[in-house]
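Q: Model the following, please.
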Amino acid sequence: MTVRAARPAWLGIVALLAGCAPSPTQAQSSRPTDYLIQMVCVDAADTPVFADPVDCPDSRRKLRIGEPLPYHKVDVGGFQISDSWPVADANGLTLGVQSYFFTDAYDDDPAFPNQVHHNPARGGYNIMGADQDWVFFRGTSDPGAYWQPWWTPDCRAQGWLLYPNGRPAFRRGEAPSPATFAPGCAGRVRTNASTVEWRRVRNQPYVVDPADDSRTRRLDSIIVRHFSAGYGSMETNYFTREYGATRWEAWRPGEGLTPEFLKTRCPGSVYQARFHGKAFSMIDCRNWTTLVRPTGGSWDPDGFSASDPTIRAFPVDPLYTGKNLLTNTHVGGPYVPEGSFTCDERGWNAVQTPSPLTPGELTGPPWNANGSCMRTITAERLPAGAYVQTIAAPPAGPYRFGVSLFAPDLAEGADAPVNVRVVQADAQGREVGVARLLASVIARYRTFEGTFERHPEAVEVRFEVSPAAAGVRVAVTGAFVAP
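A: Here you go, the predicted structure:
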């Protein structure tokens, strides 16, 4: 598992791929954001095919939104996958997702036989974005702390700075990068005093096997180093036009701290160096540069389970993939810098009819990490009340809606039903439209998603989660209703 270093914890993981011969020298890209999303080789019909984009300079392009991936990027040794694909975002800032998960976790959920899916206990992702000034990570999810959005001191979801979104990205530079993961950011908050440094390197070598130079990739790269306050630790991310996010390293002050196994997992590297007058040792690394073909020939990260079309294959946090009209969807805060927090349920209401719900929360890390809580609801008997949030004056649709659910007390192989409803009401309070999902919830995290059209007479939308099995504790997080 990738180790978190310095600064507020996040797993910035990067995937590199290995393949065939060294690439030709590449011309400098004019757009820094070109280094976020991986490329694909295409056939005469412009269809992505399984091939290394390093080896097809005359027939390659960026992967497009909604296209299935014809390959995965795997680290040396084949332990971890990391891909960098584009996503649509109604908010206009999110550009892509960088995933990372382990190759022995394909079958953790029977709804995805031999296919990659998002299990937060076995992997995670970074949300990549940009505005007119900066390229940044907007948030990250990792197995140690789960979802962590990154906020600036003035509560912009600009996040963890990477490099400028302009020509300065291709020159050496540095800047303060204050950030915090307060989920209920409001007003101004205290942030961690980290710094970021970047530089562009031509023909950066990515070594897979020191004894086989044909597997080394030499690619123009933007290298980004994040230092914690006082240079107490450092993380490095590498970005390339061909592979997007391509490599990740964690460094710690001191000499001789690099474990021997790391020299096999990331061969041909410099494992000790000086930064800002201090000796540092590399303590962790992922070098994702080997291409593998997905089961079935391609993998659609925006797709759904073939056995249950309500279950999202690789969901990412709705805060960054649409205009979520629900609030406090992770039951967070209020944020207390460097202190404890009190969980609250701003925006939510537990409707106790026709029979009561027992509220609760999962305690201990990672459930209550990063200033957020994992709310649970349990039906004493059926039919049960619901965990509800109401949206007044909803804008025109169409809409997506969904929620992440699991039942932590269920045995392996067991499932339990949960009703998810979106109810539209007119000015007289009459129901004029209902969209339903019957979610099949297991002990592992799943995200359930559906769609609906807004009724022309609707003045209110109610989002409801209601257990459909008595005595089963259901964890609720990541709800969204988004036009």
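Q: Give me the contact list for stretch 102-122.
A: Applying CB atoms under 8 Å, 6 or more residues apart in numbering, the external contacts of stretch 102-122 come out as 1, 72, 74, 78-81, 99, 101, 123, 125, 141, 143, 146-147, 294-296, 299, 301, 305, 307-308, 311-315, 440, 442, 444-447. Yep, even glycine has a C-beta here, placed from its N, CA and C like the rest.
Q: Whichever of these count as buried, I'd like them selected in ChimeraX; how would that read?
A: To isolate the buried ones among the contacts of stretch 102-122 in ChimeraX, judged by 16 or more other CB atoms under 10 Å, type:
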select :72,74,80,81,99,101,123,125,141,143,146,147,294,299,301,305,311,312,313,314,315,440,442,444,445,446,447
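Q: when you check the contacts of stretch 102-122 against the strands, which ones overlap?
A: 72, 74, 80-81, 99, 101, 123, 125, 141, 146-147, 440, 446-447 (DSSP state E).
Q: Can you show me the helices along the stretch 151-300 of the chain?
A: If DSSP state H, counting those that start in this stretch is used as the criterion, the helices of the stretch 151-300 of the chain fall at 260-265.
Q: about what we covered before: any chance of the ones in strands among the contacts of stretch 102-122 in a markdown table, plus distance to Cys41 and pLDDT?
A: Listed next are these as a markdown table, based on distance: CB to CB, whole Å; pLDDT from 0 to 100:
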| residue | distance to Cys41 | pLDDT |
| --- | --- | --- |
| His72 | 15 | 96 |
| Val74 | 17 | 96 |
| Gln80 | 23 | 94 |
| Ile81 | 19 | 95 |
| Ser99 | 20 | 94 |
| Phe101 | 24 | 89 |
| Gly123 | 26 | 86 |
| Tyr125 | 24 | 93 |
| Ser141 | 30 | 87 |
| Tyr146 | 35 | 78 |
| Trp147 | 34 | 78 |
| Ser440 | 38 | 96 |
| Arg446 | 33 | 91 |
| Thr447 | 31 | 92 |
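Q: Can you list the buried residues in stretch 254-270?
A: 257-258, 262, 265-267, 269.
Q: pull the CA atoms of that stretch into PDB?
A: Provided in PDB are the C-alpha atoms of stretch 254-270 (Å, rounded to 0.1, in the frame of the first residue of the first chain):
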ATOM      1  CA  GLY A 254      17.600  11.300   6.900                       C
ATOM      2  CA  GLU A 255      20.200   9.000   5.200                       C
ATOM      3  CA  GLY A 256      20.000   5.300   4.400                       C
ATOM      4  CA  LEU A 257      16.200   5.000   5.000                       C
ATOM      5  CA  THR A 258      15.300   3.500   1.700                       C
ATOM      6  CA  PRO A 259      14.000  -0.100   2.100                       C
ATOM      7  CA  GLU A 260      15.700  -2.700  -0.200                       C
ATOM      8  CA  PHE A 261      12.500  -3.900  -1.800                       C
ATOM      9  CA  LEU A 262      11.900  -0.300  -3.100                       C
ATOM     10  CA  LYS A 263      14.900  -0.600  -5.300                       C
ATOM     11  CA  THR A 264      13.200  -3.500  -7.100                       C
ATOM     12  CA  ARG A 265       9.900  -1.700  -7.300                       C
ATOM     13  CA  CYS A 266      11.400   1.500  -8.600                       C
ATOM     14  CA  PRO A 267      14.700   0.500 -10.200                       C
ATOM     15  CA  GLY A 268      17.300   2.800 -11.600                       C
ATOM     16  CA  SER A 269      16.300   5.700  -9.300                       C
ATOM     17  CA  VAL A 270      18.200   8.100  -7.000                       C
END
